[in-house]
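Student: Provide a 3D model corresponding to the input given below.
(2 chains)
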Amino acid sequence: DTGVSQDPRHKITKRGQNVTFRCDPISEHNRLYWYRQTLGQGPEFLTYFQNEAQLEKSRLLSDRFSAERPKGSFSTLEIQRTEQGDSAMYLCASSLGVSEEYSNQPQHFGDGTRLSIL
Amino acid sequence: SQQGEEDPQALSIQEGENATMNCSYKTSINNLQWYRQNSGRGLVHLILIRSNEREKHSGRLRVTLDTSKKSSSLLITASRAADTASYFCVPLGYQKVTFGIGTKLQVIP
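Tutor: Prediction:
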């Protein structure tokens, strides 16, 4: 069973560096989501794609954050000029969606990338 | 978007006991989903209950939905140490999925 996979699992970097995370969704899923989760909180929505189109970005996603899903398959999330406040778990999820509206289908999550900023 | 509010925020029980978690929300929904998250892992979808359903079972899980009160409950029967996790409810209409703080369940062996 190839579920959602994320790479790397852990990333430690110095403040000011750029980082990039990768997410490989379940192959038949056309929707892909990114979330950020800090300790003791639930996941916060960052952005989502339907196929290769980025349909929504949260206000949490500053100009330093960019996400892509170039061929409608895997996705990358890049953070430029990292700050201490970027330390969090970054979760990716995928699901099926049949219309332009938000999907009510269950989301399948990867185990996340834990980012630590020194 | 709307998010569910889980209650209690923390729950500690002995193995073998039942655990009940509650969820409240504010606006009308199409369905409500429950997720589990083990420490350091991603979320796992547990169960989905549609707005026209009142109760649903899956193994040791029982979910109820009362749309008139805008509330749901998740019951885990005969709890096990492996049930120790955070549990999130997600009420869904036509908005993006939004998670609350969850209920942190600890099952003591």
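Student: Alongside chain A, which residues does chain B contribute?
Tutor: By the criterion of CB under 8 Å from any CB of the partner chain, the positions of chain B lying close to chain A are B:1, B:3, B:30-31, B:33, B:40-45, B:48, B:88, B:92, B:94-102. From N, CA and C alone the C-beta is placed, and that goes for glycine too.
Student: Now with 7 Å, please.
Tutor: Residues of chain B that fall close to chain A, judged by CB under 7 Å from any CB of the partner chain: B:30-31, B:33, B:41-43, B:45, B:48, B:88, B:92, B:94-102.
Student: Out of those residues, which end up buried?
Tutor: Among the residues of chain B next to chain A, those classed as buried by neighbour count (16 or more other CB atoms under 10 Å in any protein chain shown) are B:31, B:33, B:42-43, B:45, B:48, B:88, B:92, B:96-102.
Student: Tell me where chain A is predicted with low confidence.
Tutor: A:1, A:98-103 (pLDDT under 70).
Student: Strands of that one, start to end?
Tutor: A:5-7, A:10-13, A:19-24, A:31-37, A:44-50, A:53-57, A:65-68, A:75-79, A:88-95, A:108-109, A:113-117 (DSSP state E).
Student: Check chain B too.
Tutor: Going by DSSP E, chain B shows strands at B:5-7, B:10-14, B:19-24, B:31-37, B:43-50, B:55-58, B:61-66, B:71-76, B:85-92, B:103-108.
Student: Give me whichever of these is most buried.
Tutor: The highest mean neighbour count among those, using mean count of other CB atoms under 10 Å in any protein chain shown, belongs to strand B:85-92: a mean of 25.
Student: What residues are bridge-paired with the closest residue to A:Leu46 other than its chain neighbours?
Tutor: Using CB to CB, 6 or more residues apart in numbering or on different chains and skipping residues adjacent in sequence, the residue nearest A:Leu46 is A:Trp34, 4.3 Å away. According to DSSP bridges, the partner residues bridging A:Trp34 are A:Thr47, A:Cys92.
Student: how close does A:Trp34 get to A:Leu77?
Tutor: According to CB to CB, to the nearest Å, A:Trp34 and A:Leu77 sit 5 Å apart.
Student: Same drill for these two, tell me which one is more crowded.
Tutor: A:Trp34 (26 against 22; other CB atoms under 10 Å in any protein chain shown).
Student: and that one, how far is that from A:Phe74?
Tutor: 12 Å.
Student: do the same with A:Ser27
Tutor: Where A:Phe74 is concerned, A:Ser27 sits at a distance of 10 Å (CB to CB).
Student: Quick check: pLDDT value at the residue nearest to B:Ser72 when sequence neighbours are not counted.
Tutor: Once flanking residues are discounted, B:Ser72 sits nearest to B:Cys23: 4.4 Å by CB to CB, 6+ apart. According to the prediction, B:Cys23 has pLDDT 96.
Student: contacting residues for B:Cys23?
Tutor: Counting by CB atoms under 7 Å, 6 or more residues apart in numbering or on different chains, B:Cys23 touches B:Gly4, B:Glu5, B:Glu6, B:Ser71, B:Ser72, B:Cys89.
Student: How about B:Ala19?
Tutor: B:Ala19 touches B:Leu11, B:Ile13, B:Ile76, B:Ser79, B:Leu105, counting by CB under 7 Å, 6+ apart.
Student: how deep is B:Gln3 tucked in, by neighbour count?
Tutor: What B:Gln3 shows, counting by other CB under 10 Å, is a neighbour count of 20.
Student: I figured it hits B:Gly100, correct?
Tutor: Yes - applying CB atoms under 7 Å as the test, B:Gln3 and B:Gly100 come out as touching, 4.7 Å apart.
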